[in-house]
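Undergrad: missing the sequence, but the structure's below:
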């Protein structure tokens, strides 16, 4: 993948749901999306309260109001916490099934080189990490929506599920700042299954259009 990082001199599109999202067309992102049951509700609520208290201690109500330095601290603190909780394998973990993981891998790689450039990715039992750069003029939310919708349809069909959301609707996305950060994220993705204590067949590693 040709790395194109965040440019502070280029206009940023900002949206907010439960989480803030920053977008720049044609830039590289690290994305995490997860299954709907990947964290207990009480845990999600506790993290939400902790985030609010952390922000209030710094005299702000929203992450966007933080200084650049505190924004990095915020992401590091809470991203690390959520990732560790996800690695505990809560929920049904439908993606531990290798056939379901393959469906997700196929959905991610299908438009690689056409709609986006895909770098490293890993399909864990209850969540997915990937590095991706949309090809102009396509925007990240549409790309992720398409991949998740296709994977959900095929997995639900295979498992005979109806009326249940497979994915948590909102994604965590981060504009990659530098080549050094990109390398660190690649290493994290590669090492994530081992850190979570997963065995072969319980996860799927991939790299830009290919399963490793």
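TA: That came through, no problem. Treat the numbers as computed from the prediction; the structure is a model and nothing was measured.
Undergrad: How far away from the center of its chain is stretch 54-70?
TA: 23 Å (C-alpha atoms, centre = their mean, to the nearest Å).
Undergrad: can you list contacts of the helix or strand encompassing residue 192?
TA: When secondary structure is defined by DSSP states H and E, residue 192 falls within helix 179-195. Helix 179-195 has contacts (C-beta atoms under 8 Å, 6 or more residues apart in numbering) with 3, 5, 28, 30, 87, 119-122, 124, 129-131, 176, 202-203, 205. Where you see a C-beta, it was placed from the backbone N, CA and C, and this is true even at glycine.
Undergrad: which one is residue 176 nearest to, not counting chain neighbours?
TA: Nearest-residue entry for residue 176: residue 28, 4.5 Å, with adjacent residues in sequence omitted and distances by C-beta to C-beta, 6 or more residues apart in numbering.
Undergrad: Surely that neighbour is in contact with residue 131?
TA: Yes. Between residue 28 and residue 131 there is a contact at 6.6 Å, judged by C-beta atoms under 8 Å.
Undergrad: With neighbour numbers in mind, choose between the two.
TA: Neighbours per residue (other C-beta atoms under 10 Å) separate residue 28 from residue 131, with residue 28 holding more: 26 against 22.
Undergrad: list the contacts for the residue nearest the centre of the chain?
TA: Residue closest to the average C-alpha location in the chain (C-alpha atoms, centre = their mean): residue 32, at 0.9 Å. The contact partners of residue 32, taken as C-beta under 8 Å, 6+ apart, are 83, 127, 128, 129, 171, 172, 173.
Undergrad: burial measure for the nearest residue to residue 103 once chain neighbours are set aside, as a count.
TA: The shortest distance from residue 103 to any non-neighbouring residue, by C-beta to C-beta, 6+ apart, is to residue 154 (4.8 Å). The local packing of residue 154 (other C-beta under 10 Å) involves 18 other residues.
Undergrad: so residue 154 sits right up against residue 104, yeah?
TA: No. Residue 154 lies out of contact with residue 104 (C-beta under 8 Å); the separation is 9.0 Å.
Undergrad: Quick one: name whatever helix or strand follows the strand or helix carrying the residue nearest to residue 103.
TA: Per DSSP H and E: residue 154 is located in helix 140-159. Once the chain leaves helix 140-159, the next helix or strand it forms, by DSSP H and E, is strand 172-175.
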